[in-house]
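> the following comprises the amino acid sequence and a computationally predicted model.
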Amino acid sequence: GAAPAGAAPQDRPAAGKAAVDRLYEQAEKATEAFNRADERADKLREELADTQDQVARGQERINAMRRALGVVAGAQYRSGGMDPSLALMLSSDPDGYLDKAGTLDRIGARNAGELVELRGAQRDLDQRRAEARAELAELEASRKAVRQHKHTVEKKLAKARRLLNAMPNGERAAYDRASRSETRPDLAGAGPASSARAAIALAAAKSALGKPYVWGATGPSGFDCSGLMQWSYGQAGVGLPRTSQAQRYAGRQVPVSQAQPGDLVAYGSDAHHIGIYAGDGQVIHAPHPGAPVRYDPVGMMPVSSVTRV
């Protein structure tokens, strides 16, 4: 971030601001990667819990089948040493014996089918256990990715803070003033929102003006860029995905020239940043650490898409 040795003094503030802005952009990209990995980890935790529940229920079923077959096998073993005709002659209740014998024959005919069912249930249980092991391994990998992205974000933000602290007082004050700007633009010509839910989401975003940027946060006391969009549309009963990359596909894309209040505006070819169109050429967004939720011109960065939810 240092200015070239031959740079004129007036060039250094611009170079310092550009370096800080670049670090904030890199941190935001890492933040969205963190959000994506964290969302994946949450989904994997749910899938693993469901699979483990299926394994437990499958084991209970197998245990019950084994107990039933064990009772039948024990009964057959105990009666297997005596010829059936002799057992009938010695029986004090011949009619009862014949009833039991018929029952045992029917049980014996079913045994083969029950054994096949038991083997099938065991194979299914083994498969579920293998799935659980794979899901657990993927969950651990996802947790590792979350930690890595978190480290990257913190590293970039710490470097940006060091650069800000190294700025001359006047230059830093100017940067802070720009980051704190909450000037409400004249939106008299904003026009109607694209839908009732878009109007509710925009009103929610307006209510968040001045709230701090907190990376990884989804409100209501702090937000990152996609967290603000998810929270705002959540107030309208719409469940947006967690990341800006996924949010850009959460509806119908329209040309920038046709943007209406409440539309989502994504920035950068990788959609690493996102805001909500407020009309009259303005968006509301959570810019970066140190800059609260605020209005900015829609063209503050290259627009990659406009999405109507």
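That came in fine, so what should we check first? Residues are numbered from 1 along each chain as shown.
> and the closest residue in space to Val303 that isn't next to it in sequence, what does it touch?
Excluding the flanking residues, the one nearest Val303 by Cβ to Cβ, 6 or more residues apart in numbering is Val256, at 5.5 Å. Yep, even glycine has a C-beta here, placed from its N, CA and C like the rest. Neighbouring residues of Val256 by Cβ atoms under 8 Å, 6 or more residues apart in numbering: Val265, Val298, Val303, Val306.
> and Ala33, by the same measure?
For Ala33, the contact set (Cβ under 8 Å, 6+ apart) comprises Ala145, His149, Thr152.
> do the same with Phe223
Neighbours of Phe223 in contact, by Cβ under 8 Å, 6+ apart: Ala208, Lys211, Tyr213, Val214, Ala217, Trp231, Ala286, Val293.
> if we go to 6 Å?
Applying Cβ atoms under 6 Å, 6 or more residues apart in numbering, we find Phe223 in contact with Ala217, Ala286.
> where does pLDDT dip in the chain?
Along the chain, the model assigns pLDDT under 70 to residues 1-16, 69-116, 172-190.
> all helices of it, in order?
11-79, 84-90, 94-166, 169-180, 196-207, 225-234, 244-247 (DSSP state H).
> just say which of the ones you listed is most tucked in.
Comparing the helices of the chain by mean neighbour count (mean count of other Cβ atoms under 10 Å), helix 225-234 comes out on top with a mean of 26.
> from His288, how far out is Leu164?
Distance, Leu164 to His288, using Cβ to Cβ, to the nearest Å: 11 Å.
> before we move on, the earlier item: looking at the helices of the chain, spot the one closest to Ile276.
helix 196-207 (4.9 Å; Cβ to Cβ).
> next, the angle from that closest one to helix 225-234.
Computed by axes from the mean of the first three to the mean of the last three Cα atoms, to 10 degrees, the angle separating helix 196-207 from helix 225-234 equals 130 degrees.
> who's in contact with helix 196-207?
Residues contacting helix 196-207 (Cβ under 6 Å, 6+ apart): Ala193, Ser232, Tyr233, Gln235, Ala236, Val238, Pro261, Gly262, Ile276, Ile284.
> okay, now the fourth one: neighbour count?
Each residue near Gln235 was counted by other Cβ atoms under 10 Å, and the total is 17.
> could you check how far the closest residue to it other than its chain neighbours is from Ala196?
Taking Cβ to Cβ, 6+ apart, and ignoring the residues beside it in sequence, Gln235 has Ala204 as its nearest neighbour in space, at 4.0 Å. Per Cβ to Cβ, Ala204 is found 13 Å from Ala196.
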